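A.B. asks: Okay, here's the prediction I keep looking at, along with the sequence it came from:
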Amino acid sequence: MKVSGVDIDDTYAEAFPVSVARVLITASTEKLAETAAVVATGFATSVIGCSAEAGIDRFVLPDETPDGRPGVIIMVTHPSKKQIKSNLIERLSECVLTAATTAVFNALESEDTVPVKLHFFGDGYEY
C-alpha cells in the first residue's frame, strides 16, 4: 500500500497515545554524559512491566548545548503525564545528577509542560 507516496508494508502495528519528556544531559566529557544517559534509561524497554519507556535519542555536540559541553538527549514516555513526572524525578535525581559533572536541560519545546523540581541538586536552578 502507498500513503502520501510512501510504500507501507501491510503488516501488524500498534500505537497508543503517550506523554513524552525529552531531556538533554551534559557533562565534562561525552563518556560521562553517555554513562548517565545509559543509566537513566536502563530498565525502560516497555511500559508493560517497567515504570516508563525510555531511550537515548541522540548525541549532542558542545556547540549545540546551553553550557557548551558534550551531551546526550534521552526521551522518557508513558501514557500518564503524572507517571512522566515521577519518572523524571527518579531517573534524573538518582541516575544523572548523582554522576560527576552532569547537568540536565529541557530538550523539548512544548506548550504542555510538566514542572519538575529536583530538590537537592539544583544549586538554585531546581526547576
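C.D. replies: Cool, the structure landed.

A.B. asks: Hmm, residue 54 is touching residue 78, no?
C.D. replies: No - Residue 54 lies out of contact with residue 78 (Cβ atoms under 8 Å); the separation is 9.1 Å. Every C-beta, even on glycine, is put in place using the N, C-alpha and C of the backbone.

A.B. asks: Which residue comes closest to residue 68 once chain neighbours are left out?
C.D. replies: residue 62 (5.2 Å; Cβ to Cβ, 6 or more residues apart in numbering).

A.B. asks: For that neighbour, grab the count of nearby residues.
C.D. replies: Using other Cβ atoms under 10 Å, residue 62 has 12 neighbouring residues.

A.B. asks: so residue 21, which of the three states?
C.D. replies: With DSSP: H, G, I helix; E, B strand; the rest coil as the basis, residue 21 sits in strand.

A.B. asks: Who are the contact partners of it?
C.D. replies: 75-77, 84, 87-88, 108, 114 (Cβ atoms under 8 Å, 6 or more residues apart in numbering).

A.B. asks: Max pairwise distance over the residues you listed: which two?
C.D. replies: Farthest apart among those by Cβ to Cβ are 87 and 108. That separation is 14.5 Å.

A.B. asks: if you count what's nearby, which of those two comes out ahead?
C.D. replies: Neighbour count, other Cβ under 10 Å: between residue 87 and residue 108, residue 87 has more, with 23 against 14.

A.B. asks: how about stretch 87-96: buried residues?
C.D. replies: By 16 or more other Cβ atoms under 10 Å, the buried positions in stretch 87-96 come out as 87-88, 91-93, 95-96.
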